[in-house]
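[1] What follows is a predicted protein model with its sequence.
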Amino acid sequence: MGKITGIFGTHDENTKEQLRDVASRAEMAALMADGHLGYVMPIGGVAAYKGKVSPVGVGFDIACGNAAIRTDLQLEKISGDLNKIADEIFGTISFGIGRSNGADDAPVDHPLFNSGAWSLISDRNERESLRAKARNQLGTIGSGNHYVDVFVDEAGMIWVGVHFGSRGFGHTVASGFLNLSQGRAWGEKGVKETEVLLPLDKPMGQDYWELMQLAGEYAYAGREWVARKVVKILGGNELELVHNHHNFAWKEFHDSEEYIVVRKGATPAFPGQKGFIGGSMGDDAVIVEGVAAADERTAQLQERALYSTVHGAGRVMSRTEAAGKYNRKTGEMKRPGKVSPEMMQEWIAKKGVVLRGGGLDESPHAYRRLPEVLAAQGGTVKVLHTLRPIIVAMAGAKEFDPYKD
């Protein structure tokens, strides 16, 4: 069994048991303070392998991550038009699956669509179908906890933040390799969420790695296009971009040895590396930076975290627990949840957020508080900017999206 190097914050026994299970196949594993139960690997989990990668560890939403742009706008320049701006964002950027809203200039001619990695999908029909799907979904936000936010920082400057991943492209790649690793056909339905480690010196592992990298490039292209589109709507200019994956695998050196490090809902946080971490629709977000450790204790904590930190505040309620259970055909509520529309709206109103979309399953009540989970990381990162949300745009509660996080 591999070594569990660190468990940050407090977690239920099921989440810790899931981490122990992952550690039984990894060299090292850690759990960040926003962690909670996931599929096979806990959200907030980090695992290091020798020469192998775990597709189920990376997850179905390959390269899900956050991007934030600091603009040259000050709050007073836009504060009188927040509802109008929110409507324009919601009418321009597409939520759910395909591009259906106003903007139709996503970079579908991006060089990534001509990458040689596409040829690793051997079936031509599967390959071209996936490429077409990827083009159609590039720059779409999806649903669940994926969002477009406008923030104001402590100096009154405006930021734009987005959260989403590689959409149906990444989901299809993940499903395909989970099938292949279990001796099934690429497109077979009902893929089993089982951890199979793929050696990178074998063809299947090499192919997965190349397509995972392509999904990462795709996610970066989509997030940057959306964030820059919103900056343009605001009438501002880009001064700084902070951009990270948090569902991905990297080749890294730890204690002078190379590992494949999988982060499932965890942000890389090496000294000097910046990250954008969201809270919830009614909480502040932050721009953080991995610290250059000035003392032995901090350096040890960074090593125990495998130079990672949280990717968000972390859920304390499941989606069903928060929003209740509905009949998917009739929309009739079968069982009420713990969060009412009045509770969510009261929180949002107190925070002064202009909200478009968003369901009860994404209410701030369903999340931990971000300052608490950051504090539990023990000073391994420092907060550079605190970002207060003023506009939040998310998919509506009934928006169908099979690729949501």
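    It's in.
[2] Every contact and neighbour count from this point should use C-alpha atoms.
    Fine.
[3] which residue ranges form the helices in the stretch 51-200 of the chain?
    55-58, 82-92, 124-137, 167-181 (DSSP state H, counting those that start in this stretch).
[4] which one of those helices has the most crowded surroundings?
    Greatest average neighbour count among the helices of the stretch 51-200 of the chain goes to helix 55-58 (a mean of 27), per mean count of other CA atoms under 10 Å.
[5] May I have that one exported as CSV, CA atoms only?
    Extracted in CSV, the C-alpha atoms of helix 55-58 (Å, rounded to 0.1, in the frame of the first residue of the first chain):
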residue,chain,number,x,y,z
PRO,A,55,-8.2,7.4,-16.2
VAL,A,56,-10.9,7.0,-13.6
GLY,A,57,-8.7,9.1,-11.3
VAL,A,58,-8.5,12.0,-13.8
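[6] helices or strands next to it in the packing?
    On a contact count with 3 or more CA pairs under 8 Å, 6 or more residues apart in numbering; DSSP states H and E, helix 55-58 meets helix 167-181, strand 247-254, strand 257-264.
[7] any idea how far the longest one is from the chain center?
    With CA atoms, centre = their mean, to the nearest Å as the basis, helix 167-181 stands 17 Å off its chain's centre.
[8] which residues are contacting that helix?
    In this structure, residues lying in contact with helix 167-181 by CA atoms under 8 Å, 6 or more residues apart in numbering are 55-56, 59-63, 130-131, 133-134, 137-138, 140, 142, 185-188, 191-194, 196, 198, 204, 208, 211-212, 215, 219, 403-404.
[9] Swap in 7 Å and give it another go.
    Residues from elsewhere that reach helix 167-181, judged by CA atoms under 7 Å, 6 or more residues apart in numbering: 55, 59-62, 130, 133-134, 137, 185-188, 191, 196, 208, 215, 403.
[10] Give me the angle between that helix and helix 124-137.
    Relative orientation of helix 167-181 versus helix 124-137 (axes from the mean of the first three to the mean of the last three CA atoms, to 10 degrees): 150 degrees.
[11] Quick one: mean pLDDT over helix 167-181.
    If you average the pLDDT over helix 167-181, you get 96.
[12] How about the contacts made by the closest residue to residue 390 other than its chain neighbours?
    Using CA to CA, 6 or more residues apart in numbering and skipping the chain neighbours, the partner closest in space to residue 390 is residue 353 (4.6 Å). Residues near residue 353 by CA under 7 Å, 6+ apart: 282, 389-392.
[13] what about 10 Å?
    With contacts defined as CA atoms under 10 Å, 6 or more residues apart in numbering, residue 353 is in contact with 82-83, 149-151, 281-283, 345, 347, 388-392.
[14] swap in residue 354?
    So residue 354 contacts 82-83, 85-87, 149-150, 281-282, 348, 389-393 (CA under 10 Å, 6+ apart).
[15] if we can go back for a sec, closest one to residue 111 out of the contacts of residue 353, please.
    Closest approach to residue 111 among these (CA to CA): residue 149, at 27.9 Å.
[16] mind checking pLDDT for the closest one?
    The model's pLDDT for residue 149 equals 98.
[17] Would you mind measuring from it to residue 278?
    Distance of residue 149 to residue 278, computed by CA to CA, to the nearest Å: 10 Å.
[18] How many residues are close by residue 349?
    For residue 349, the neighbour count with other CA atoms under 10 Å is 12.
[19] what's the answer for residue 256, then?
    Residue 256 has 7 neighbours, counted by other CA under 10 Å.
[20] same check, this time on residue 185
    Count around residue 185 with other CA under 10 Å applied: 14.
[21] and it, what does it touch?
    By CA under 10 Å, 6+ apart, the contact set of residue 185 is 176-179, 191.
[22] and with 8 Å instead?
    176, 179.
[23] Roughly how far does it sit from residue 175?
    From residue 185 over to residue 175 the distance is 10 Å, taken as CA to CA.
[24] For the stretch 301-405 of the chain, which segments count as helices?
    Using DSSP H, counting those that start in this stretch, helices in the stretch 301-405 of the chain cover 319-323, 341-351, 370-375.
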